[in-house]
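Asker: Sequence and predicted structure are below.
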Amino acid sequence: MAYIWNPVKGDIKRLTSLFYSLSKIETFKERKIADKLREKSEILLKALAEMVDNSEKRYKVDDEEKQDEGGALNDEEKQHERLVLELWLEGLEDAVFNTEDLVDKIHTEALRQKLDGQICEKMEDIRCSLESCVKQGAVLGLARRTYNMNLQGMHCPDKYLLDLNWRLAFLDLVQSLRKLQYRDRYLDLDLDPTDYIYFVDESEVFGMDCDKEEIINLLLSDDVSDRQLSVISIEGNGRIGKTTLARLVYNEQRVSDHFHLKAWVRVPDDFDRVTLSILYFFILKNKELNLRFNDYHKLNSDELGLELQQCLVGKRFLLVLDGAKQIPSSKEWKALRSALKDAANGSCIIVTTRNKDIAPKVDAVSTYPMEPLSEERSWPIFAKFAFGDQNPSSDTQLEVIGKEIVQMCHGLSSSVRILGSLLRFKLQQEEWEAILTRLKPSSDSSEDSRENVNVVPNLRLTEDLKRCLAYCSIFPPDYEFDMEKLLLLCMAEGFLEPCTTDRDSIIEKLKPFFQKSSRNESSFRVCRNNLADYVSTRYCFRLEDNHPSQIPLNTRYLSLVGGKYENSVIFEAIDRAELLRTFLPLDHESRHLCATELQNLLLKLQFLRVLSLSHFHITEIPDSIGKLEHLRYIDLSHTPIKRLPKLVCELYNLQSLILSNCHSLTELPKDMSNLENLLNLDISGSGLSEMPGMSKLKNLKLQPCFVAGKKSGSLMEFRNNTGLQRLHILKLQTMTSENDAGGTPLVGMHSLEELVLEWDDNTADPENATKVLAGLRPSVTSLKKLTINFYCGKTFPEWSDSFDKMVFLRLSHCTNCSTLPPLGNLPNLKDLIIEGMDAVEKVGPDFSADRSPRRDVSFCFLERLTFEGMPKWTEWDPWDRFQRLAQLCIRRCPKLRGNLPKFLPSGKRIEIIESQELVTALTTEKSLEFLRHLATGSSLIIEGEDIEKLNELYVSTVPESSLLVTPVYQTYPKWSKGEQKEYIEDPSQFPLLEVESTLPLPQRAAECSLLVTPGIYYL
């Protein structure tokens, strides 16, 4: 069987974390009964996590191991077992999702201090749901583990011991007890710490009464009573009910009255340890023996045999050896028989096994083979679990489908029970047909249409990152997305911790699965052969056409792609998928929703974590949004909304609120500070003129914006937000040096990595702006990216070149500054953009100055340098050695006359646009000297009137061997000659270029050594 990845393990971990956070809320802890139910539910989750681990291990058991156990399954039975296990995992995931919704609701109500009187009923519903999954897993044999008898160096919390009397088949009690440092702590508890291993809920066992009676009669018969020791073997294939039958016999009162002692042992792989297991079991059951055998774990095999022999002298006992896999050697079996030889006549051993060769080796007096159930015996069991107390005949069609499902169960009682449980109370015919289709051998699922998902276990990703990758399947091929946005979405869905500090590390791990966008450095593109589609779960769906009926009922994550369908299609889709957690339009097309439609949308989607209405034509948000208490992410960008309802401030779980380019939005609700879990507040491009008080928003980390205003809350409110990573301050013209800036509010933000300081325009008071900027000095220990927009002061502050970690700097439209700061002092700077500096006439040596006595370290890591929109710039005395500069762009600098850097060994792209004086200067042989030092394969893009003259000079100056032939293409609205389409082998590999040609074109691009057009120059 191939292993199929299922993300439920991460879901269980997330739910466990939610339970833990619930336990920390005082208003919940006061409800003691509810809190006790929470503790029991946490133990259930622990068991389920172990069961999921065991299900993965089962997939990895190969055919040889199964053959060693005996009773190997044929291919059809293996396929059926695999499908039933997958269906159980899917049912478990559904249950975990539903439980998480309910726990999240309770958690939110507790935060609001509005816990209602039904809290205990809700917690009991949670416990029952999880217990049902645990029982199903136990039926599938997923609760079993091989015992390790080593007691040293392990510890288990006391709280697990307190619940051991709550007898559940899943708890590996013996393993937990072995982890105790103090063995006597549990002995005073009024518990039977071994009950769990043979506990069975007889109300959920059907069709075994005759089998049970037959074995009990044999145990109590004269034939067995006259023998000193009898062995009975129960044989059969896996999951057919051997252990359940043995448990029914073991728990029968007549059996308990007949035998003086009983013991149940899961047979370890090392049969020599059976004796120790039996002795250990008796010690746990008997306080006197516990005091006597204080150091029994130090005894060797012979000593253990003698001690066990003394325990059994003159006593009739029943021993169950459950799950024997391998045939014990003659020596091993003889040693065990020797330890039991002094027991009274009538003692008996029951062995459950798949291996038919074990019975003769252990001299079994009787072998009880368990056969598959007939369809006649299977149907009542299935009906009991699927319909409960209802009459199956009340729905004829479901009864017909149900009987077909029973036929596919191969007589395995575990499959009958599991499938019946999964369909319990599901009354839609579609859900029954879906399971029947999965079970049919002719179905595509027999080979699994998601076969490529087998690659997932080999991905070097944690479970949460695998979940993030699967979530990306809601993005269509070639869709471009921002990686930061993806992280926010994944945080909202609980795949990532909202307060994670390794954001950059997560991005680096996910990058290899996507293509880098050519348009935006921070954007990525979904590949056509997208691995995310292969690991996609059944909960992800892209609505791409007018067929909402195709959306599965259990869809949780929905994206809208294409935008060519009517609103009615959307509503039909959400009517089917009423448990949606993500509603994410991706087409960015304006879609009109009237107030009634929007109201209905919000009322239907009560479980949403992610809601995007970006680019929708809506002017207001109804108050009903306040009822979506699960919401973590709201995107209202590019909408004409005028206000946010006050009830938004009661969405205590909200992490991201995106209001960018909401031009009509002029204010935020006053109680925004209630959103204490808010990580990201994006108000860029909005119409806001003021900010409410935000002192309680201690968790803001990602891209928060602050609008400085006369009535705004003080910027000093952010001073104690030590986790803030990004900050964009707008409308600085309204700030005075005497208030926020005078207190240096940014100095203490030691996590601040990205900062944007922005004035609205250049009409502010230059003197005040200079003082304000000086007072906004960031922490020099953390800042990596700095942008200053529309600063109207005449000089930059002294701190502008003091950041050792800075990699990106942008000075934009600082029109009154006539000089540039000494940016060569920034040792790690990689990207430098200087634009709109109207007053700068000269860029001299001071620009490249470095505090270091070694001048060759200036700009030593600079990779991209851009000068743009500098109308008065005439002279550049450049630093000669830009060792790593790969891209130099000079745009709209019409008066710059020459002197490009002479040494660019890493240069890949030189771009000169709308800078005629510089182009003219390059027509001299001296000015072309720098081209000799460009890296092979570099490109030079030039626009100007002297292109043809420059071409002639260059061809005669630079060796032809250094040229790189690069084809040019675009949508060709400006080509005037040539059959342009002949020149392009694969246009998708090359960037879009604006070109205009009056020259004849060669027959094929690959035949020319140099292609020159007015406006573009490639080499």
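Answerer: Thanks, I have the structure now.

Asker: I figured Ile574 hits Gln606, correct?
Answerer: No. Using Cβ atoms under 8 Å, Ile574 is not in contact with Gln606; the gap is 10.9 Å. (Each C-beta comes from the backbone N, C-alpha and C, glycine too.)

Asker: the more surrounded of these two?
Answerer: Between Ile574 and Gln606, counted using other Cβ atoms under 10 Å, the more crowded position is Ile574 (20 against 15).

Asker: After the biggest helix by length in the chain, which helix or strand is next? Please name it.
Answerer: Longest helix in the chain by number of residues, with DSSP state H as the criterion: helix 75-111. Following helix 75-111 in sequence order, the next helix or strand is helix 119-139 (DSSP states H and E).

Asker: And the contacts of that next one?
Answerer: Residues from elsewhere that reach helix 119-139 (Cβ atoms under 8 Å, 6 or more residues apart in numbering): 28, 31, 33-34, 37-38, 40-41, 44-45, 47-48, 51, 55, 88, 91-92, 95, 98-99, 102-103, 105-106, 109, 143, 168-170, 201, 204, 239, 244, 414, 417-418, 421-422.

Asker: Using PDB, write out every CA atom in it.
Answerer: Taking Å, rounded to 0.1, in the frame of the first residue of the first chain, the C-alpha atoms of helix 119-139 are listed here in PDB:
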ATOM      1  CA  ILE A 119     -21.100  25.400  27.800                       C
ATOM      2  CA  CYS A 120     -21.100  22.000  29.500                       C
ATOM      3  CA  GLU A 121     -23.300  20.600  26.800                       C
ATOM      4  CA  LYS A 122     -21.000  21.900  24.100                       C
ATOM      5  CA  MET A 123     -17.900  20.400  25.800                       C
ATOM      6  CA  GLU A 124     -19.800  17.100  26.100                       C
ATOM      7  CA  ASP A 125     -20.600  17.200  22.400                       C
ATOM      8  CA  ILE A 126     -16.900  17.700  21.700                       C
ATOM      9  CA  ARG A 127     -15.900  14.800  24.000                       C
ATOM     10  CA  CYS A 128     -18.400  12.500  22.400                       C
ATOM     11  CA  SER A 129     -17.300  13.300  18.900                       C
ATOM     12  CA  LEU A 130     -13.700  12.700  19.600                       C
ATOM     13  CA  GLU A 131     -14.500   9.500  21.600                       C
ATOM     14  CA  SER A 132     -16.400   8.200  18.600                       C
ATOM     15  CA  CYS A 133     -13.300   8.700  16.400                       C
ATOM     16  CA  VAL A 134     -11.100   7.000  19.000                       C
ATOM     17  CA  LYS A 135     -13.400   4.000  19.100                       C
ATOM     18  CA  GLN A 136     -13.300   3.700  15.400                       C
ATOM     19  CA  GLY A 137      -9.500   3.900  15.400                       C
ATOM     20  CA  ALA A 138      -9.500   1.200  18.000                       C
ATOM     21  CA  VAL A 139     -11.700  -1.000  15.800                       C
END
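
Asker: Give the rounded mean pLDDT of that helix.
Answerer: For helix 119-139, mean pLDDT rounds to 83.

Asker: list the buried ones in it?
Answerer: 119, 122-124, 126-127, 129-139 (16 or more other Cβ atoms under 10 Å).

Asker: where do the strands sit along the stretch 101-250 of the chain?
Answerer: Assigned by DSSP state E, counting those that start in this stretch, the stretch 101-250 of the chain shows strands spanning 229-235.

Asker: pLDDT below threshold where in it?
Answerer: 114-117, 143-199, 201 (pLDDT under 70).

Asker: any idea of the mean pLDDT in stretch 822-841?
Answerer: 92.

Asker: nope, stretch 803-815 is what I meant
Answerer: For stretch 803-815, mean pLDDT rounds to 92.

Asker: Pull up the distance across it, start to finish.
Answerer: 24 Å (Cα to Cα, to the nearest Å).

Asker: Kindly report the same for stretch 232-242.
Answerer: Distance between the two ends of stretch 232-242: 12 Å, counting by Cα to Cα.

Asker: again with stretch 387-395
Answerer: Terminal residues of stretch 387-395 lie 10 Å apart, using Cα to Cα.

Asker: which residues are contacting it?
Answerer: Here stretch 387-395 makes contact (Cβ under 8 Å, 6+ apart) with Ala383, Ala386, Leu398, Glu399, Gly402, Arg424, Phe425, Leu427.

Asker: Now a PyMOL select for only the buried ones of those.
Answerer: A single PyMOL command is used to select the members of the contacts of stretch 387-395 judged buried by 16+ other Cβ under 10 Å:
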select buried, resi 383+386+398+399+402
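
Asker: For the residue of the chain most remote from its centre, give its distance to Tyr368.
Answerer: Going by Cα atoms, centre = their mean, the residue of the chain most distant from its centre is Asp226, 63.3 Å out. For Asp226, the distance to Tyr368 equals 20 Å [Cβ to Cβ, to the nearest Å].

Asker: Where does the nearest residue to the residue farthest from the centre of the chain once chain neighbours are set aside fall, secondary structure wise?
Answerer: Using Cβ to Cβ, 6 or more residues apart in numbering and skipping residues adjacent in sequence, the residue nearest Asp226 is Asn345, 6.5 Å away. Using DSSP H and E, Asn345 falls within no helix or strand.
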